[in-house]
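here's a sequence, model it:
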Amino acid sequence: MNRFYIETELNTGNTIELTESVFHHWVRVLRAKEQEQATFFNGKGGEYVVTLTEINKKNAFVSIDQFDSVDRTAPFSVVLGQVMSKGDRMDYAIQKATELGVTTIQLLTSERCEMRLKYDRDQKKLDHWQSIAIAACEQCGMNRVPQVLAPISLDEWFSSNLPESRFVLAPNKNQENVLQNSQNNLALLIGPEGGLSEAEINTANVNHFKNWCIGDRVLRTETAPVVALSILNYHFASN
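Got it, this is the predicted structure:
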């Protein structure tokens, strides 16, 4: 059964009009027919079975038949601070981080950051990345969509209200067992291609981020969140 994220109120027994994006994808692209069913979710928890009751040239309507309170949220809450990178790398990082249960993605700039968004293109790029997170939720079964936040500097992020448990991926650094006694509400900082500078890692340490080196190899910026979040999923599911 197809799954769609829809930005509207959902209540069983009601009939609603499809949003433009869902109408385009389900009816126009996938050529859905009347009486076909799908799963809808709106990011507020749970999901709904709906049935296409009417299709017109420019719109369509569904009945909301059944609610399922299923919650596939990861056993931890993580704010991912991801320094931006160019091209498909950023798309991949957002997609996979979403599939692996990230709660929020805070885009960051740093000394070696490859890109700076231009004000006239900011919203288009942010909308693109948010749509990637939505599509990943539709595919993987998550019912809560992580928010992709507009980029800020590392210093701004350090001074914001972050969870007590804080990790920075820092290859080749001395470290303690960062997961021992860590809370399941945490912040994870991942640098750009070329990594964070020594000064930036030191500043992160001053702001209570613990160095985390996951293996002997230096991972690419888009691979790092996949590995780190996989480890966190295993760790918190096992405890």
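
domain ranges for the protein?
Structural domains annotated on the chain: 3-68, 77-238, as defined by the TED database.

mind putting those domains in a markdown table, mean pLDDT and mean neighbour count included?
No exception for glycine: its C-beta is placed from N, CA and C like everyone else's. As requested, these are exported to a markdown table (pLDDT from 0 to 100; neighbours: other Cβ atoms under 10 Å):
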| stretch | mean pLDDT | mean neighbour count |
| --- | --- | --- |
| domain 3-68 | 96 | 15 |
| domain 77-238 | 89 | 17 |
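
parallel or antiparallel, list what pairs with the strand or helix carrying Thr39.
Secondary structure assignment for Thr39, by DSSP states H and E: strand 37-41. Counting by DSSP bridges, the strands paired with strand 37-41 are strand 3-5 (parallel), strand 47-55 (antiparallel).

need the ones you listed in a markdown table with distance to Leu107, can you?
Putting the strands paired with strand 37-41 into a markdown table (distance: least, Cβ to Cβ, whole Å) gives the following:
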| stretch | distance to Leu107 |
| --- | --- |
| strand 3-5 | 20 |
| strand 47-55 | 28 |
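
of the ones you listed, which is nearest Thr109?
strand 3-5 (28.4 Å; Cβ to Cβ).

what angle separates the longest helix along the chain from strand 37-41?
When the chain is parsed with DSSP state H, its longest helix is helix 122-140. Counting by axes from the mean of the first three to the mean of the last three Cα atoms, to 10 degrees, helix 122-140 lies at 130 degrees to strand 37-41.

run through the residues that contact the residue positioned nearest the centre of the chain.
Closest residue to the average C-alpha location of the chain: Thr98 at 3.6 Å, with Cα atoms, centre = their mean. For Thr98, the contacting residues are 105, 132-133, 136-137, 140, 142, 145-146, by Cβ atoms under 8 Å, 6 or more residues apart in numbering.

and those residues as CSV, adding distance to Lys33?
What follows is the contacts of Thr98, written out as CSV (distance: Cβ to Cβ, whole Å):
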residue, distance to Lys33
Ile105, 36
Ile132, 29
Ala133, 29
Ala136, 27
Cys137, 25
Cys140, 26
Met142, 27
Val145, 28
Pro146, 33
